[in-house]
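Engineer: Whatever this is, show me its structure:
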Amino acid sequence: MDNYSIHLPSYSIGDKVYDKIPEICEPYGTKVIVIGGKKAMAAAKEKIEEAIKDSKLEILDFIWYGGEASYENVEKLMDNPLVKEADMIFAIGGGKATDTGKCLGVKINKPVFSFPTIASNCSACTSVSIMYYPDGRFKEPFFYPAPPVHAFINTEITVHSPSRYLWAGMGDTYAKYFEAVMSSKGEELQHYFRMGVNASRMCYEPIMEYGCEAMKSNDEKKVSYAYEQVVLAIIVSTAVASIYLTAEHTVHYNSGLAHAIFYSLTAHPHIEKNHLHGEVVSYGVLNLLLVDGNEEDFKKVYDFNKSVALPIKLADLEFTEDDIESLAENAVVMKDIEHNPYVITKEMLVEAMRELEKKR
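Structural biologist: Next comes the predicted model:
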């Protein structure tokens, strides 16, 4: 067996987790630079400053990450004198802000602590940054050995963020399970891949069980047990599964048909403009389940999507049945489905998409 290391997330969750900042962060130094989104930093600033006021920690500055998770923005931050002076980085915000902070930490060899302010993705706990060109086009995943040193998931902040992020995050989260299971079907898996596939079940079951109630909590801006379970599924469970599933830095088990369909749809500008990633991926999952003949889970996911108004039809994403042929043709050439137990053809996907349109 080859020698290898797996580094898993360390995290705190709750409405008072910022009280843990001094205890967890002081062993890494005293000088902190905060990198994040403008709204995110505004939401977290006062709580963080209150938490560290009697500690040895000193915040040198709060710096906007640049608006895009790009290497160009990372390089600008690397040139900042206060960034150079800092002992550690606090990465605050959504996925692009925390991905920028994580990439920066790796580039300048400084520890990163993450502070997610929305519950829409697993960036705060995973060991990859999704990097983009400055104009917003996807560039590449940037892998590194370990996730942030610690993630502080403050539910009092996340529950006051717009519900649409949790809503879309649920769709992207349960996709992890179905794509991992489908792409690994019938294979003898390495321990880490098997761990990832099994961990991915926690990306699905809590969403089905608690998703509706969690959305209600987010709408009412009140933290509940159901809300916490869904937040943990989105931020932590997905990260744990992804770390195992990408141990060899490939997307073989970490992506699949749902994301191939997403990328096919993003060729149309209105998708990026009007719809969220997980929202579109959730539509892809329904097609994945039909292609794979998984009627039992299809019914569960279809009913769940209906209950929270996630997409169940092309019209929900501003397409018509006339678009099916071209969407399917574009989807089946995506790299995301190269590793599959069988070849997914255009004809298979067209049939699934048309069948989905007939569902009521």
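Engineer: Please identify the helix or strand for residue 211.
Structural biologist: Assessed by DSSP states H and E, residue 211 sits inside helix 205-220.
Engineer: Does anything pack onto that helix? Which helices or strands?
Structural biologist: Helices and strands touching helix 205-220, by 3 or more C-beta pairs under 8 Å, 6 or more residues apart in numbering; DSSP states H and E, are helix 163-184, helix 225-232, helix 295-308. Placement of C-beta: from N, CA and C, glycine included.
Engineer: quick one, what contacts residue 213?
Structural biologist: Contacts of residue 213 were listed using C-beta atoms under 8 Å, 6 or more residues apart in numbering, and they are 224, 226-227.
Engineer: Same check on residue 215?
Structural biologist: Contacts for residue 215 were tallied using C-beta under 8 Å, 6+ apart; they are 163, 166-167, 308.
Engineer: Swap in 10 Å and give it another go.
Structural biologist: The contact partners of residue 215, by C-beta atoms under 10 Å, 6 or more residues apart in numbering, come to 163-164, 166-167, 170, 226-227, 230, 307-309.
Engineer: What subset of those is buried?
Structural biologist: The neighbour-count criterion (16 or more other C-beta atoms under 10 Å) marks 163, 166-167, 170, 226-227, 230, 308 among the contacts of residue 215 as buried.
Engineer: now, which of those residues sits nearest residue 212?
Structural biologist: Set against residue 212, the nearest of the buried ones among the contacts of residue 215 by C-beta to C-beta is residue 308 (6.0 Å).
Engineer: Identify the residue spatially nearest to the closest one, adjacent ones excluded.
Structural biologist: Leaving aside its sequence neighbours, residue 308 sits nearest to residue 215 (C-beta to C-beta, 6 or more residues apart in numbering; 5.5 Å).
Engineer: Also residue 316?
Structural biologist: Per C-beta to C-beta, 6+ apart, closest to residue 316 is residue 283, 7.0 Å.
Engineer: now for the helix or strand containing the one you found, which elements pack on it?
Structural biologist: Secondary structure assignment for residue 283, by DSSP H and E: helix 277-291. Judged by 3 or more C-beta pairs under 10 Å, 6 or more residues apart in numbering; DSSP states H and E, helix 277-291 is in contact with helix 163-184, helix 257-265, helix 269-274, helix 295-308, helix 324-331, helix 346-358.
Engineer: Nearest approach to residue 18 belongs to which of those?
Structural biologist: Set against residue 18 and scored by C-beta to C-beta, these come closest in helix 163-184, at 20.3 Å.
Engineer: Pull the contacting residues for residue 266.
Structural biologist: 138, 272, 275, 277, 280, 330.
Engineer: which of the residues you listed has the weakest pLDDT?
Structural biologist: pLDDT across the contacts of residue 266 is at its lowest for residue 138, which sits at 79.
Engineer: Quick check: phi and psi on the nearest residue to that one once chain neighbours are set aside?
Structural biologist: Closest residue in space to residue 138, ignoring its immediate chain neighbours: residue 132 at 5.8 Å, by C-beta to C-beta, 6+ apart. Residue 132 has phi and psi values of phi -130, psi 160 when expressed as degrees, to the nearest 10.
Engineer: of all the helices and strands packed on helix 205-220, which gets the most neighbours per residue?
Structural biologist: Highest mean neighbour count among the helices and strands packed on helix 205-220 (mean count of other C-beta atoms under 10 Å): helix 163-184, with a mean of 25.
Engineer: Can you list the buried residues in the helix or strand following that helix?
Structural biologist: Next helix or strand after helix 163-184 toward the C-terminus (DSSP H and E): helix 191-199. Neighbour-count burial for helix 191-199 flags 192-193, 195-197, 199 (criterion: 16+ other C-beta under 10 Å).
Engineer: And helix 191-199, how far out from the chain middle?
Structural biologist: Helix 191-199 has its C-alpha centroid displaced from the chain centroid by 18 Å (C-alpha atoms, centre = their mean, to the nearest Å).
Engineer: Give me the contacts around that helix.
Structural biologist: Counting by C-beta under 10 Å, 6+ apart, 1, 4, 6, 8, 176-177, 180-181, 183-185, 187-190, 237-248, 252-254 sit against helix 191-199.
Engineer: give me that answer again for 6 Å
Structural biologist: 180, 184, 240-241, 244-245, 247, 253 (C-beta atoms under 6 Å, 6 or more residues apart in numbering).
Engineer: returning to what we had before: restricting to C-alpha, output the helix holding residue 211 in CSV.
Structural biologist: Provided in CSV are the C-alpha atoms of helix 205-220 (Å, rounded to 0.1, in the frame of the first residue of the first chain):
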residue,chain,number,x,y,z
GLU,A,205,-30.5,11.6,4.7
PRO,A,206,-30.5,14.8,7.0
ILE,A,207,-31.6,16.9,4.0
MET,A,208,-34.6,14.6,3.4
GLU,A,209,-35.5,14.5,7.1
TYR,A,210,-34.9,18.0,8.2
GLY,A,211,-34.8,20.2,5.0
CYS,A,212,-38.3,21.5,5.1
GLU,A,213,-38.1,22.5,8.8
ALA,A,214,-34.7,24.0,8.3
MET,A,215,-36.0,26.2,5.5
LYS,A,216,-38.8,27.4,7.8
SER,A,217,-36.2,28.2,10.5
ASN,A,218,-34.1,30.1,8.1
ASP,A,219,-37.1,32.1,6.9
GLU,A,220,-38.0,32.9,10.5
